[in-house]
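> Let me see the structure of the following:
(4 chains)
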There are 2 protein chains.
Amino acid sequence: MSADREARRRQILDRARDVFARRGYHQAKIDDIVAAAGVARGTFYLYFHDKRAIFEELVQRFWQKIVMSMARIDVERPVEPQVLAQVRRILDVFLDDPAMAKIMLSDAAGLDVEFDRRLLAFAADSAKLLEDALHDGQLRGLVKEGTPSVLGFFLVGGVKEVLLQIVRSAIPVDREATTRDIYAILARGILVENPKAKARAKPTREAAPPAPAPAKKKRATRS
Amino acid sequence: MSADREARRRQILDRARDVFARRGYHQAKIDDIVAAAGVARGTFYLYFHDKRAIFEELVQRFWQKIVMSMARIDVERPVEPQVLAQVRRILDVFLDDPAMAKIMLSDAAGLDVEFDRRLLAFAADSAKLLEDALHDGQLRGLVKEGTPSVLGFFLVGGVKEVLLQIVRSAIPVDREATTRDIYAILARGILVENPKAKARAKPTREAAPPAPAPAKKKRATRS
DNA sequence: CCCTAACTAGACTGGCGTGTCAGTCTAGCT
DNA sequence: AGCTAGACTGACACGCCAGTCTAGTTAGGG
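Predicted structure coming up:
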């Protein structure tokens, strides 16, 4: 009955997720999805109103998981283990479902004006909350100085990119180690401020350009 | 003659850039582009082979600018001003051309299998170079410990996200201040390690969930 | 005044992919 | 055996849009 129905729905949903992850929203054709799910084209439309609807449902469900993994930081207790645990939980949510992670971290924009609008609005709200939290943290001496919105964006962007690259490369990672790496960046940054000439290895070495779109430090052509 | 031709080409290119930035690759119709450029449909095809070609050229040109802004860090001289200048240059490149910035930071993927493939490959190369540079920096005592690839991804992702949000919100920012904010994160991180109960403001306050896709710290429902 | 080249306006077509719908098939009931 | 509900099928209609093409306009050069 409705249990069958639920199962069938689940099946389509799961397969669609894989197809979306592999091809991206626009490249994923309904034919690909129904083929992967092993159902007829018409059946798909018995369970989902249209392509956008199934995509939205996938995004929605995964977003729920993310929200569920968030925990308030208790100021009365040591912060470090709480932050570590939080980072670890985020890692788990994304890496436990690489297909959805890929979808959330690369697609999820540029499909529909309305969908984009809602997504953007939601993102803005979330960013505002994070910003407030960081500002509050600053007042409490838990967060270093700096423009809260910039701190928040950097934080989110950094974690997103790390997760995306992990998921893309499909290489299994040591989650514990990655958690510590991220925590170290949060707590201490990346650059050494006063180099005071430490190691100094092979003196002839290249520095490097950036990645995908924008990039950062060292090396190149000019200047 | 060819000067006129170059100018016409330029005009179409510039207007197309605006349309792509406003609508995204898929929503941008050829009709939108020719209307914005004030040329006839046929004329467009006198200058560009097809839609993908003009998009690729835009991406290509902007990427050149990014690469040009990269400078090798001279280990013999003080690092801080060099890094500050580097961050500032990146900010300038992106914020001077918000339309292209928007395109590079959100689209630029998911249009064509071949295009994606090349982009990804290129991104991977760049990431590798940055990773090597960071590793080298560690040996020289300029970069803190941690897995170089994770440091690199976090760095790139953080900067990307900050730029994207600035460009999206269209609010003019103080580039000098943003540069310092980013440098501060690079040099010192975000979290205070040993809070030692400093300020302590309004004790009843919310922490916050995250942003767009993945997110970070504080707040929520469970745990 | 004509000729050419660049351009315009816009009609056209071809392909693609979404969503529909008339019909089939199955399981269960009477 | 006859009937019914409703899950499922898949050919097809339709809209959309990139890219092509034609007829007509404009401007300059000889």
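> helices or strands up against the one helix or strand A:Glu176 maps to?
Per DSSP states H and E, A:Glu176 falls inside helix A:175-188. Helices and strands touching helix A:175-188, by 3 or more CB pairs under 8 Å, 6 or more residues apart in numbering or on different chains; DSSP states H and E, are helix A:79-96, helix A:148-169, helix B:148-169. Backbone N, C-alpha and C define where each C-beta goes, glycine included.
> Just want the angle from it to helix A:148-169.
160 degrees (axes from the mean of the first three to the mean of the last three CA atoms, to 10 degrees).
> any idea how far helix A:175-188 is from the chain center?
16 Å (CA atoms, centre = their mean, to the nearest Å).
> Please report the number of neighbouring residues for A:Asp96.
11 (other CB atoms under 10 Å in any protein chain shown).
> What does the pLDDT read for the closest residue to A:Ala40 other than its chain neighbours?
Excluding its sequence neighbours, the residue lying closest to A:Ala40 (CB to CB, 6 or more residues apart in numbering or on different chains) is A:Val34, at 6.5 Å. pLDDT recorded at A:Val34 is 94.
> Tell me how far A:Val34 lies from DNA strand D.
8 Å (CB to the nearest atom of the strand, to the nearest Å).
> what about that residue, neighbour count?
20.
> Am I right that A:Val162 is in contact with A:Thr178?
Yes: the pair A:Val162 and A:Thr178 qualifies as a contact (CB atoms under 8 Å) at a distance of 7.2 Å.
> Overlap of the contact sets of the two?
Overlap of the contact sets of A:Val162 and A:Thr178 (by CB atoms under 8 Å, 6 or more residues apart in numbering or on different chains) consists of B:Val150.
> More neighbours: these two, which one.
Using other CB under 10 Å as the criterion, A:Val162 and A:Thr178 rank with A:Val162 on top: 29 against 21.
> Skipping adjacent residues, who's closest to that one in space?
B:Phe153 (4.5 Å).
> Tell me which residues touch that neighbour, please.
Neighbours of B:Phe153 in contact, by CB under 8 Å, 6+ apart: A:158, A:161-162, A:164-165, A:211, B:127.
> Just give me how far the host helix or strand of A:Val67 sits from the chain centre.
For A:Val67, the enclosing helix or strand under DSSP H and E is helix A:51-69. Centre-to-centre, helix A:51-69 and its host chain are 13 Å apart (CA atoms, centre = their mean).
> Ok, stretch A:27-45 next?
27 Å.
> And stretch A:49-68, by the same measure?
Using CA atoms, centre = their mean, the offset of stretch A:49-68 from its chain centre is 14 Å.
> what about dumping the CA coordinates of it to PDB?
C-alpha atoms of stretch A:49-68 as PDB (Å, rounded to 0.1, in the frame of the first residue of the first chain):
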ATOM      1  CA  HIS A  49       5.300  17.100  -9.900                       C
ATOM      2  CA  ASP A  50       8.300  18.000 -12.000                       C
ATOM      3  CA  LYS A  51      12.000  18.000 -12.100                       C
ATOM      4  CA  ARG A  52      12.400  21.000  -9.900                       C
ATOM      5  CA  ALA A  53      10.200  19.400  -7.200                       C
ATOM      6  CA  ILE A  54      12.300  16.300  -6.800                       C
ATOM      7  CA  PHE A  55      15.500  18.400  -6.700                       C
ATOM      8  CA  GLU A  56      14.000  20.700  -4.100                       C
ATOM      9  CA  GLU A  57      13.000  17.800  -2.000                       C
ATOM     10  CA  LEU A  58      16.500  16.400  -2.000                       C
ATOM     11  CA  VAL A  59      18.000  19.800  -1.100                       C
ATOM     12  CA  GLN A  60      15.400  20.300   1.600                       C
ATOM     13  CA  ARG A  61      16.000  16.900   3.200                       C
ATOM     14  CA  PHE A  62      19.800  17.300   3.300                       C
ATOM     15  CA  TRP A  63      19.500  20.800   4.600                       C
ATOM     16  CA  GLN A  64      17.400  19.400   7.500                       C
ATOM     17  CA  LYS A  65      20.300  17.100   8.300                       C
ATOM     18  CA  ILE A  66      22.700  20.000   8.400                       C
ATOM     19  CA  VAL A  67      20.500  22.100  10.700                       C
ATOM     20  CA  MET A  68      20.100  19.100  13.000                       C
END
